[in-house]
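*Asks:* please work out how this folds:
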Amino acid sequence: MLDTKLIHSLPKLPTPILTVYLDTNPANPRNQRIPSGARIWLKSRAKVLAARSPRAEQKLFREQVERVDKFLRSPAPRERGMVVFAGPDVWLELPLQVDVEDELHWGRPSLTQLLWLLDEHQPSGVVLVDRSGARFFRFWLGEIEEDAKEFFRLDISQWRKKHLMPPAQPGMQKTRGSMRDVFEQRVEAQFARFFRDAAEKIAAWVQREKLRPVFIAGPNESVEPVWAALPKTLCEHAARVKGFSGKITPAELQQRIAPESDRWKRAYELAVVNKLLAQSNGRRAVVGMDETLANLQQGEVRELVVVRGLGGKLRQCVRCQWADRSADPACSACGGERRTIALRAALPELARENGVTVEVVAGEAATKLRAAGGLAAWLR
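*Replies:* Purely as a prediction, here's the structure:
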């Protein structure tokens, strides 16, 4: 699983550096031949890019391409996608279990696609709970990882089992019924306390790790009491997955949760877009490319909502960095020269410069938002 500290260090990698995004999915027919489609694309695109590179850097460029090609030859990658940063003193590979588009860049590290992937695939959580304890799992970018330090075990070893005790004195008969009832009541009270404690621990974990959504999974008799004890605000970004044993492997858990996660996200995104469109009065929210970009750069936006795969071009000032769709050759703010830049490259940077989170939507939500310009925002 990716390390967020590593991601934040990527812009500081020494230049020039080769950045490679590749679809290495073994299920893709193009990658089921020898050489793989990923290697064929790499060599073909490298020829084009080499011709555009500074003459003094072409030898270095070819050496880095060969390093990546050699890496792809053995063993065959099993990941759906791969990002590689390669330079004279740098080799960094990031295997990904999400779809990646082929890209090749030379010079500064190219982070645009990676930033989009991070926005599109927000970390989520699953808590697998039953009467033996609670296990905490983090899902991110198609991978699952158990948070071992959060394991919450229920210890029943000290519970006094009165119905199993021998008679207090020889020759006396043990009364089982009432004592067994008392014991079972004590057991249920302990379980009720455990489920309340588990709910508190889940709420703290979700807040600390910034997870959305979180799924409470396991047998019905364990899921329901934990769910009932969760804060109502957390339930708005959570869901129950009931009806299976807590004895399940991480791989099985991921397979079971994946369709539930997709359904939850599509429903959540649709609700967000519907609410945005209903409140786009310029006070709480704005909708549309031009108005949203202006508010974003003026520091008025707290969250962007954007259609997955949104394209288009902007003109950006090389001096003050203001970007919009105007065709004017000079910046209206400072008079500086303007250059053409892809919206896909500019938007993640503008969002991070202004401390704004990004919600990427797909499905029916994307269809509705695309009809309104493909871009919207909640205002501060």
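*Asks:* switch to C-alpha atoms for all contacts and neighbour counts from now on
*Replies:* Fine.
*Asks:* shaky segments in the chain?
*Replies:* Residues of the chain that meet the criterion pLDDT under 70 lie in 76-77, 154-177, 179, 246.
*Asks:* isn't Phe139 up against Ser124?
*Replies:* Yes - applying CA atoms under 8 Å, one finds Phe139 in contact with Ser124, separated by 5.1 Å.
*Asks:* which residues are in contact with both of these two?
*Replies:* Common contacts of Phe139 and Ser124 (CA atoms under 8 Å, 6 or more residues apart in numbering): none found.
*Asks:* what about stretch 39-56, distance to the chain center?
*Replies:* Chain-centre distance of stretch 39-56: 32 Å, with CA atoms, centre = their mean, to the nearest Å.
*Asks:* now that stretch: buried residues?
*Replies:* Arg39, Leu42, Ala46, Ala50 (16 or more other CA atoms under 10 Å).
*Asks:* of those, closest to Glu120?
*Replies:* Nearest to Glu120 among the buried residues of stretch 39-56 is Leu42, at 25.3 Å by CA to CA.
*Asks:* so which residues of the stretch 251-380 of the chain form helices?
*Replies:* For the stretch 251-380 of the chain, the helices defined by DSSP state H, counting those that start in this stretch occupy 289-297, 343-353, 363-371.
*Asks:* remind me, longest helix of the protein?
*Replies:* In the chain, assigned by DSSP state H, the helix with the most residues is helix 177-209.
*Asks:* give me the secondary structure label for Asp99.
*Replies:* coil (DSSP: H, G, I helix; E, B strand; the rest coil).
*Asks:* burial check on it, number of neighbours?
*Replies:* Burial of Asp99 is recorded as 17 neighbouring residues (other CA atoms under 10 Å).
*Asks:* coming back round to it: now for the very next helix or strand once past the longest helix of the chain, which elements pack on it?
*Replies:* Next helix or strand after helix 177-209 toward the C-terminus (DSSP states H and E): strand 214-218. Secondary-structure packing of strand 214-218 (3 or more CA pairs under 8 Å, 6 or more residues apart in numbering; DSSP states H and E): strand 124-130, helix 220-229, strand 238-242.
*Asks:* just how off-centre is strand 214-218 within its chain?
*Replies:* Mean-position distance between strand 214-218 and its chain equals 17 Å (CA atoms, centre = their mean).
*Asks:* with stretch 219-239 instead?
*Replies:* Worked out by CA atoms, centre = their mean, stretch 219-239 lies 22 Å from the chain centre.
*Asks:* do stretch 195-203 as well
*Replies:* Counting by CA atoms, centre = their mean, stretch 195-203 comes out at 24 Å from the chain centroid.
*Asks:* could I have it exported to CSV, CA atoms only?
*Replies:* Extracted as CSV, the C-alpha positions of stretch 195-203 are listed here (Å, rounded to 0.1, in the frame of the first residue of the first chain):
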residue,chain,number,x,y,z
PHE,A,195,-20.0,-3.7,21.2
ARG,A,196,-20.3,-0.1,22.7
ASP,A,197,-16.5,0.0,23.2
ALA,A,198,-16.0,-1.3,19.7
ALA,A,199,-18.2,1.5,18.3
GLU,A,200,-16.2,4.2,20.1
LYS,A,201,-12.9,2.7,18.8
ILE,A,202,-14.3,2.6,15.3
ALA,A,203,-15.4,6.3,15.4
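*Asks:* contacting residues around it?
*Replies:* Under CA under 8 Å, 6+ apart, the answer for stretch 195-203 is Val127, Ala134, Phe152, Ser222, Pro225, Val226, Trp227, Ala229, Leu230, Pro231, Leu234.
*Asks:* again, only this time at 10 Å
*Replies:* 125-127, 129-131, 133-134, 136, 150, 152-154, 189-194, 204-205, 208, 214, 216, 222-231, 233-235 (CA atoms under 10 Å, 6 or more residues apart in numbering).
*Asks:* list buried residues within those.
*Replies:* Among these, those classed as buried by 16+ other CA under 10 Å are 125-127, 129-131, 133-134, 136, 152, 190-192, 194, 214, 216, 222-227, 229-230, 234-235.
*Asks:* burial count for Asp119?
*Replies:* Counted with other CA under 10 Å, the neighbours of Asp119 add up to 15.
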